[in-house]
Structures are given as C-alpha cells and as structure tokens.
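Participant: Provided below for reference: sequence and predicted model.
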Amino acid sequence: MFGWEFPPKIYGGLAVASYGITKGLSLQGDVETTFCLPKPTGEEEKFLKIINMSQVPVVWRDVNYDWIKDRFVGHTAEDYYRFRDHLYADFNYLQGLDDLGCIQFAGGYPSNLHDEINNFSIIAGVLARSEEFDMIHAHDWLTYPAGVHAKMVSGKPLCIHVHATDFDRSRGKVNPTVYSIEKNGMDHADCIMCVSEHTRQTVIHQYHQDPRKCVAMHNAVYPLSQELLDIVPNKNPHEKVVTYLGRITMQKGPEYFVEAAAKVLQRTRNIRFCMAGSGDMMNAMIHLAAERGIADRFHFPGFQKGRQVYEAYKNSDVFVMPSVSEPFGIAPLEAMQCGCPSIISKQSGCGEILDNVIKVDYWDIDALADAMYSVCTNEALYEYLSEEGIKEVDRITWEKVGLRIRECYNQLCGRGYFNNDDYLEAVKDIK
Amino acid sequence: MKTICLYFEIHQIVHLRRYRFFDIGTDHYYYDDYANESSISDIAERSYVPALTTLLDMIKSSNGYFKVAFSLSGVGLEQLERYAPQVVELLQEINKTGCCEFLAEPYSHGLSSLANEECFRSDVDRMCKKIKQVFGKTPKVFRNSSLIYSDEIAAQVAAMGFKGVLTEGAKHILGWKSPHYLYHANVNPNLKVLLRDYKLSDDISLRFSNPSWSAYPLMAGTYADWIAQTPAEEEVINIFMELSALGIYQPLSSNILEFFKALPECARERGISFSTPSEVIKNYKSVDAVNVPYPMSWVDEERDISSWLGNTMQREAFNKLYSVGERVLIGLDKRIKQDWDYLQASDNFRFMTTKQNKVGMDRGIYDSPYDAFTNYMNILGDFINRVNALYPVDIDNEELNALLTTIKNQGEEIEALNKELEKIKGVAPAAEEKPKKAPAKKAPAKKAKKAE
C-alpha cells in the first residue's frame, strides 16, 4: 500500500482511514500489508510492515553495515541492501540526495508537493522491483503516480482509494495538474474504491470512469477507548452548545453555519455556537459573525487535536457539518459515538450509511437553523438521536470494511478484473 | 345466509405547511392551502367521484340489494365541503337511496382515544353532530381512527351509546378464531364488534392490480367464490378499506370499478347478501367476546399503534399535544379549536415513524422523521403558546372551568332578566329608571355570547 499519512501523525481524515483499512485487513490473519510512507515517525503500530520512503535508495552508495544499521526508522538495514540491489536508473542528477543515496521527504503537505509526489513515484519503482506482492493499493491522489509506476513495473493489479477528489476540495474549479494526476491514476487502476456513492458518481461523471470498476467503500470508525468514554461532559444546564468542527475552508461550508446561527440567535439567546478548527476562511468567518452581531455567542476555539476533539463532542448538544461536498466525513460518526446528535448536509457521503442524523441541503440555512433549534429545544429528539445514534454507529466497523475490501482483492487477484455488480452480490450479507 | 359488510373510510388530512421556528409567535397559520386544494381535488377526481358514482349506480341497478357503509372524518369532510363539494353531494344522493349507513369516528381522525377520555368524547360527539347535520342521520356504529381498538376504548365507546364498533381482525387477537362472525366486547356484551377480514380486504385494496400476485387478474366471480367457499356457519364477511383504494392505490385503469360493478350480481348468484354494519348487528348473533388488552389497529404488519407512537419523538409530540387538551376544550376560541382538530390527525404522527417499512412511505413534504418532528413541534410550540395565552396559566383547569361556567350562567341569567325587563316595560311603560340600568348589564352578556 502506498499512503501519505498514518497515525500517530494525523493531518486529516486520511490518516484515520488508512489506519482503519489496514487494521481491518490485518484482523483477517492472511493479509500481509506493507505500508509505504514518505516519512514515518517510528511510533506507528506494529501490526503491519512500514517502509520509510525517505530511506529507500535510488542511487548506489557504498555504505558500511555497522555504520548504518541503527539509523533506520520503519524498515531495516537488510531491507536497505535488498532495495539497493534493485536500482533501475541513474538518479544522480536529483537534488537533496543523502549519504545513503535516498531522497528526503519533508512529510505532510509542503510547498514543493509536486516534486515530492514525483520522487515518491521514483522510489516506488525500486520497491516494485525488490518486493513481492499480489496487489497494489494507493491511497489518495498523492500516491497514484507511485501506484501506477508500481503497476507498470510489476504488472500486478492496481487498486486506488479515492478519499477525496479535487472537485470536492474546489467546489468544481479544479486544479488542472491535480486533475490530470487523479485522472491518470484512475485510468490505470483496475479497481477504484470511492469512500461513498457520492464520490463514486463524481469519479464516474467527472473523471469518465467505467462504473463497473468503481465501488463505493464507505469508511467506518473505531470504538472509543475507555479513556475517551470516561470523559465527563461539562455542560451548562441553561445553555446549549452547537458545534462545528473541521477545517474552516470552502469545502466545509462554514458560512452556512454562521448564517444559520444568526437565524437561531434572532429567536433565542440560550444557545452558544462553537466553530472549532482553523483554515483559510477563519478570518472571514470571524468578520461574518461580527457583522451579524452574534459574536458574543459565537466562539472560535481554534484547532483541536486528540482528546480535545472528543471533549468538544461530549460538551456539545449538536454537531453540525454543512459541507458543500464531502466525500465521506468521519466527524459526524465520531460525534455520534460521543452521543452528540449530528446535522449533516445531504451532500455528505457519510449520510448514505447513516439514518439517525438530520440531513439538510447545505445551502438551506432555514432548514439548518430549524434543525439546530429543534434538537436544542426538544429533549425527546435529542435523546432519540443520541441513543439511536450510538447504537447505529457501533454497527459500522472497520472489520466489515476490511471484509469488503478483501472481496475486491479476491476478485482482482483471482480473475484479474473487478466488477461492481458481482461485488454487490458478494457483500450483501455483510451488514 | 352469508352477507358482505362493505365499508369505506373517507379521510384526508389537512397538510401542514413548512413552519420554521422563527414563525413561532408571529404566524399562526399552519396549513398549506395549495397542497390541500390540489390533493383533495386530485383525489376527488381520480378516486372519490368515479368510485361513488359507481357505488350509486350499483345501488340503483341492483334495486337496493347492494349496501355499503362509510365513515368520514370531520377534517376530511370539511375539506371536501371546501374543495370538492360534488363528493358531498354524491354521498347525499347515496344516502337518499337508504342503502347506506354512516358511521361515527373521531372528528379529527386523531388518537384522542388513547390520550384523554374527555377529548375523545367531544371528538366523537362533534362528528355525530356533523353527520346529522349533513346527512340527517345519527350514527349508531362507531369506528375509531385507523380502527384502533382496545378494551378500554370499547368501554368508552359503549358509554357513548354506540351499538357496535368496527376493528381489525388481527391474527394476534383472534388466534384460531375466524373474523367471519359477529363478536362482542368483553367489557360490555351490548357493544358488538365487527372484525375486518384483512385477507379479503387487502386482496382488493393492496393486491388487485399487482400482476405478480398469484390470483391476478381477480374477477368478481372468483372473489364471490372465495366467500361462498368459506364454511357455511361463517356468515359475516367484513370488507373494510379506504375509499381511495379505488382509484389511487388501485388505478382506475386496473378496472377495479368494473370488478365492483359485477360484484352484487355474482354475490346474488351465490346467495350472498350485502348488509350495513347496523343490519349485521341486528340480524346476527354474537358468538363470543373479544379480548384486547392492548390497543390494536389496521396498520402495518404488527397491527398495533407503533407507527404513531413507536418512538420517543412521537410520544413526546403526542404527550405535548394532549397536555393542553383540557384547556382547549374548556376554552371558547373557535380558531384554536379548529387548529386543535387539524393538529390531532394521526397522520402527523405517522410522518415521524422510524420503522423500517417494506412498503414505501409517503411522508408528504418531509424528507425524514426528524424533519417531520421538527416541523410539527414548531407548530405545536406556537399552538401551545396561544392556548396558554387564552387564560392565565396559574389558574388550574377545574377552577377555570368553574369560572367560565359561572360567567356563562350569569350571562344567561342576565339575558333572562333582560327579557323579563322588556316584558315588564311593555306592561308598565311608566318605569323609567330600570332601562338605564340595563345597557350596563347587557354588555358582558353579549361578550359571553360572542365568545361561545
């Protein structure tokens, strides 16, 4: 598998999904996963093999075993020598080679992202020659070129996992470079796993892919740890809290949340709104809240991480995700795990597998305001959504996702091609 | 002799409009007039008018052999009067033939029978009055909204003086028994119970036009044969359905009306008669008591009340609504009473169901149960505020009732005194001081009268 993020280093939903998928597969016992990361921390869980792409050689260097044996994070020195035996071209012209003949990655999303993507793909060529595997699985567009390269070299089936498309991120105004990378990856893939039917339709219609090789593979959530379950909510009985949690950016529709909040606050004062997260539209939102005259009831606590996220859910009475276009959106599931009712936009992929949430059109601020007010004022609705939500989300597990992905793998490895109709028939019992 | 008791329900709800919480307190109109008018005229055109015309023809052409019963909800009747008076005229014409019976039901088509005895009684009383006013007959037989029935309800119905009640022949109540007999309520043997044969009823209302059904296409002769082939001692075949089954659920193109037209002749050939519920009660003997400890209905597979009161949201809305029931009844505000009727309609609760149903459900303007709940609660919030604003909240209902009665009595007394005064004035026009006093007294009397 090629991935860009993996816990404990979390930039966004991709890391969580990568972890869930690999963990779900590992539980089956007979799936061995090698996960290639640009820059692992060395603190990843050990149920899978990690390859550190920053320490895979692309040019030959004569290095002594004793000198390098303790320097590896992820794979070992033995792996290094094996990789070194499979160099396939002269990459001495590359900038930034170290004494091991490796290319350094900054990790995360630096400004020279396109160079990093290209380098990632170069290294994938080495790996494809030296490793033995049956399947290639590439997560998100950053790793598609690597996946395609590995497929070209090895001839093994390629499965790409579409966690988001540029159409979601840009509200339709795509970056042509990104689009071409995505399109190229999809064109070469034997199976395209999309995180929702919503994304699948985008892939079919905007990227012109054959519907038969596209499959909707919904994400799941991991049960909360005891430590998180034990968080005691700190609620003010006289006030309700409505929370938005996520990047404050165009894709997530934050302005609809502010506008709806203004409508709610016209009628009632005992509700507070909290817009957690950071992003390029944060300042604009602070301005908007001030302009609507609701700044006294509208709070921006900034970026939340780890335990803070769950504390925010537990202290909230409603969680709102008004995304304009959300490929999946794992946040509402996490909120539901904490017993917090969710309101999501109909344009969110996770809505396809959730019943106990309120769905509104992202642009319909009247409906959004109405729903927020209703959950805050009607105890019965709050309790129903809270209790049924926990029950529902507990049934959505990565183990089941792992079984579904396995079905895809079986098809690809068994007969060499993938057909969504056969897949649907095969997995109809996994519920 | 076998007899078919055919009964149709006529009910349409008043559609609620999209009511946002910012409308609470500013806008007291809750209805979507356009949706009401268009849905009623659509149903009248596609179903009620052709169906009733056919039934009328059947009565006339069979010289009164064919008989039929109807129940109308007050809410539905009001709508018909407003938007499709031709349907009411047709019903009156059928009524004139004497081959039809009108049953009583709660005016609002609501669930008051499960909530509050007073509300239930007033709901039914008003319906009886309305039927009397429109058709000139007082109903003798009762059917509850969606045939909801339990022992407790039976006791209330019997206390209101009804001779019979219609309900579902649910499997879990009857067990091995057959619905093809007349039964009586175990709480009061004088209240007879007619049980719906859901198989024969649903054959028409649900399956008639379904080509994958094994009996498709169903002919009137076959249907009459099925009835004739039941054991000889099973004499009462109760076939109950909504009138809109003819034309809406089963499109006219399926020739369902032709099926009905042929039915009386086919039945006559096989010695099967038609009866109205009252005739069944008069002519047949009850064989056993039915025992229904928990409410049942004709809805869904479970035949219970879970599609209205199955989840916490529905129960919350229901409890909130009936929490002001007594206040509304005591009060004298006409508009509030009218809204009370429309808000009670059971359909409003059904929109909030979270049951997984195989049959696709029409939720009207709502796209989820939560949406339905939110909208309804917004309206209810406004409604309850209005009810509470009528009289100070801190006066309890009993006290308020006493006060209102006193005011009413005083009003009547003042009026009586005024009349007397005028009489005296006629006799002794010399009296000058008394008339001066009169106007001062008159004013409150008028007010009380107006408010009534």
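Facilitator: Great, that's in hand. Residues are numbered from 1 along each chain as shown, chains lettered A, B, ... in the order given.
Participant: which residues touch residue B:71?
Facilitator: If you count contacts by C-beta atoms under 8 Å, 6 or more residues apart in numbering or on different chains, residue B:71 has them with B:7, B:8, B:9, B:10, B:102, B:103, B:104, B:105, B:143. In short, each C-beta sits where N, CA and C put it, glycine included.
Participant: how about JSON lines for these, with secondary structure and neighbour count added?
Facilitator: Shown next, in JSON lines, are the contacts of residue B:71 (DSSP: H, G, I helix; E, B strand; the rest coil; neighbours: other C-beta atoms under 10 Å in any protein chain shown):
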{"residue": "B:7", "secondary structure": "strand", "neighbour count": "23"}
{"residue": "B:8", "secondary structure": "strand", "neighbour count": "23"}
{"residue": "B:9", "secondary structure": "strand", "neighbour count": "25"}
{"residue": "B:10", "secondary structure": "strand", "neighbour count": "23"}
{"residue": "B:102", "secondary structure": "strand", "neighbour count": "26"}
{"residue": "B:103", "secondary structure": "strand", "neighbour count": "24"}
{"residue": "B:104", "secondary structure": "strand", "neighbour count": "26"}
{"residue": "B:105", "secondary structure": "coil", "neighbour count": "30"}
{"residue": "B:143", "secondary structure": "strand", "neighbour count": "28"}
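Participant: Okay, domains of the chain per the record?
Facilitator: In the absence of a named chain, chain A is used. Per the record, chain A has its domains at A:13-216, A:226-394, by automatic domain parsing.
Participant: My question was about chain B, not that one.
Facilitator: If you go by automatic domain parsing, chain B breaks into B:2-290, B:310-390, B:397-451.
Participant: how about those in CSV, adding mean pLDDT and distance to residue A:53?
Facilitator: Listed next are these as CSV, based on pLDDT from 0 to 100; distance: least, C-beta to C-beta, whole Å:
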stretch, mean pLDDT, distance to residue A:53
domain B:2-290, 92, 53
domain B:310-390, 88, 46
domain B:397-451, 71, 77
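Participant: Tabulate those domains (JSON lines), appending distance to residue A:234.
Facilitator: What follows is the domains of chain B, written out as JSON lines (distance: least, C-beta to C-beta, whole Å):
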{"stretch": "domain B:2-290", "distance to residue A:234": "27"}
{"stretch": "domain B:310-390", "distance to residue A:234": "25"}
{"stretch": "domain B:397-451", "distance to residue A:234": "41"}
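Participant: what sits against residue B:190?
Facilitator: If you count contacts by C-beta under 8 Å, 6+ apart, then residue B:190 has B:158, B:163, B:184 around it.
Participant: out of the residues you listed, who's nearest chain A?
Facilitator: Of all these, residue B:158 has the smallest distance to chain A: 34.2 Å, by C-beta to the nearest C-beta.
Participant: quick check, that closest one in a helix?
Facilitator: Yes - checked against DSSP: H, G, I helix; E, B strand; the rest coil, residue B:158 lies within a helix.
Participant: From residue B:191, how far out is it?
Facilitator: 4 Å (C-beta to C-beta, to the nearest Å).
Participant: Which positions in the stretch 101-250 of chain A make contact with chain B?
Facilitator: Counting by C-beta under 8 Å from any C-beta of the partner chain, no residue of the stretch 101-250 of chain A lies close to chain B.
Participant: returning to that earlier point: now rank the contacts of residue B:190 by neighbours and give me the top one.
Facilitator: Highest neighbour count within those: residue B:184, with 22 neighbours (other C-beta atoms under 10 Å in any protein chain shown).
Participant: Who are the contact partners of the nearest residue to residue B:337 once chain neighbours are set aside?
Facilitator: Leaving out its chain neighbours, the residue that sits closest to residue B:337 by C-beta to C-beta, 6 or more residues apart in numbering or on different chains is residue B:328, at 6.4 Å. The contact partners of residue B:328, taken as C-beta under 8 Å, 6+ apart, are B:336, B:337, B:340, B:387.
Participant: Return the set of residues that bridge with the closest residue to residue B:137 other than its chain neighbours.
Facilitator: Spatial nearest neighbour of residue B:137, excluding adjacent residues (C-beta to C-beta, 6+ apart): residue B:102 at 6.0 Å. Beta bridges link residue B:102 to residue B:70 when assigned by DSSP bridges.
Participant: can I get the CA coordinates of stretch A:20-34 in PDB?
Facilitator: Extracted C-alpha coordinates of stretch A:20-34, given in PDB (Å, rounded to 0.1, in the frame of the first residue of the first chain):
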ATOM      1  CA  GLY A  20      -8.700   1.600   9.800                       C
ATOM      2  CA  ILE A  21      -8.400  -0.100   6.500                       C
ATOM      3  CA  THR A  22      -5.000  -1.700   7.300                       C
ATOM      4  CA  LYS A  23      -6.200  -2.700  10.700                       C
ATOM      5  CA  GLY A  24      -9.400  -4.200   9.300                       C
ATOM      6  CA  LEU A  25      -7.400  -6.200   6.800                       C
ATOM      7  CA  SER A  26      -4.900  -7.400   9.300                       C
ATOM      8  CA  LEU A  27      -7.600  -8.900  11.500                       C
ATOM      9  CA  GLN A  28      -8.300 -11.400   8.800                       C
ATOM     10  CA  GLY A  29      -4.900 -13.000   9.500                       C
ATOM     11  CA  ASP A  30      -4.000 -13.900   6.000                       C
ATOM     12  CA  VAL A  31      -3.500 -10.500   4.500                       C
ATOM     13  CA  GLU A  32       0.000  -9.100   4.900                       C
ATOM     14  CA  THR A  33       0.300  -5.400   4.400                       C
ATOM     15  CA  THR A  34       3.400  -3.400   3.600                       C
END
